[in-house]
Structures are given as C-alpha cells and as structure tokens.
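1. fold the following, please.
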Amino acid sequence: MSTARPEPGTPMIVQWRKWNGSPHWRHESVYLGADRWGDWVGQPTGWRSHRPGRDYPAGNPNVTLLPPQGDFALTVNRRHPKGMRIYIDLAWDVRWSDDPLLATGIDMDLDVVRVEGERGTWVDDRDEWAEHSLRYAYPSDVMTRLESLALDLEDRVRSRVAPFDDATADAWLDRLEALGLDAGSRRLH
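-> Okay, here's the model as predicted:
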C-alpha cells in the first residue's frame, strides 16, 4: 500500500471492482486531505461516476472517507435530492495504488445508508450480498468480518458518532466547495 498522496485539490480516480476482479464504479474525484479518520476525497457536482452499463454526473457535492483499515468507504452527500446523507460501501482492500492519483477497492455489496426523514438508517443490499457470496465464493472469514462490521457501522451511523456525525463531513464538504470546481474543471488521467 502506497503512502504517497496527491496535493489537496488534485483530481484523481477512485476505482472499484468486484471480488472476481470485474470492473465496478469509477469515480472522478479530487483529493481533499487527511484527518485522524483517514483520507478524504470529494466529487463536485457534475463530475462523473460510471460502471459497465451506467454513467452519470454527480447531482450534488459529496465527500468520501477512505479509512486506513480498508474495509469500508464512507460517502456523505450535501443537498442530495432524495435526502441520502450517508452511504457506506462495505469493502475489501481499499487502498492507494502505486499511482497516487488512484485509490482502489473491492465493493462487497453490503451498504449502510442514512436518509434524512422517516426512513432513517439501515443495512442495504442484503439480497445482493447473499447472491454474490455464492457467485464469487466469498471466504467465510471475510463474510463474518463484514457482516459484523455492517451492524457496527449501522449503530455508529445511527448514533452519529464521528466520523459519522454531520460536523466531520461538513468541514470536508465546505473544503470541497471552496475549491470552486465544476464539470469543466476535471483533468483526469
């Protein structure tokens, strides 16, 4: 795992794959910096996210925490049209590649979601988790670890403890918006 990081404000890519190595989401992002929770990247409005069969521009600014343990990525939205504030991808091997402009990880299907309003917080995509655990033959120790982590993250999101509180991510969202980036300012490799 590389310790090299780009300068804050530098465009970069976050590339996901599935357990079998097939490509998944690729997010155009900008490196924002680090704090005690890990590295933060942002996606300004209009920057692209795509995977096989889907391609769309971000409809609102969002920031993602890539913690050093590499087993999840926390995304926090500002002004999401459906009220989705938090989306956590449970993951495996989230890390920086030898290229400091590329972070990679394996998407492990389970997600923790917090939506403002009645719906609240829940673990999502359990059906996909069950299907893919058979298709990709997830190791039992990986499954046990991530199932436990999903419940722990759900509790921490519900309790709004840092970094799952609003204040921690809002500081990074403010930093992202202060860069003044838009769809025309992408300079990605």
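2. so which elements touch the lengthiest helix in the chain?
-> For the chain, the longest helix by residue count, based on DSSP state H, is helix 140-159. Contacts defined by 3 or more Cβ pairs under 8 Å, 6 or more residues apart in numbering; DSSP states H and E place helix 140-159 against strand 84-96, strand 102-115, strand 120-124. For every residue, glycine as well, the C-beta is placed using N, CA and C.
3. strand partners of the longest one, parallel vs antiparallel please.
-> So the one you mean is strand 102-115. strand 11-17 (parallel), strand 84-96 (antiparallel), strand 120-124 (antiparallel) (DSSP bridges).
4. could I get the CA-only coordinates of the last one as CSV?
-> Okay, so that is strand 120-124. C-alpha atoms of strand 120-124 as CSV (Å, rounded to 0.1, in the frame of the first residue of the first chain):
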residue,chain,number,x,y,z
GLY,A,120,-33.6,6.6,8.8
THR,A,121,-30.6,4.2,8.8
TRP,A,122,-30.4,0.6,7.6
VAL,A,123,-28.1,-2.0,6.1
ASP,A,124,-28.9,-2.2,2.4
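5. after that strand, which helix or strand is next?
-> Later in the chain than strand 120-124, the nearest helix or strand by DSSP states H and E is helix 126-135.
6. show me the shaky parts of the protein.
-> 1, 186-189 (pLDDT under 70).
7. so how far is Asp107 from the spatially most central residue of it?
-> Central residue of the chain (Cα atoms, centre = their mean): Ala73, 3.8 Å from the mean position. The spacing between Ala73 and Asp107, counted by Cβ to Cβ, to the nearest Å, is 9 Å.
8. okay then, goodbye and thanks.
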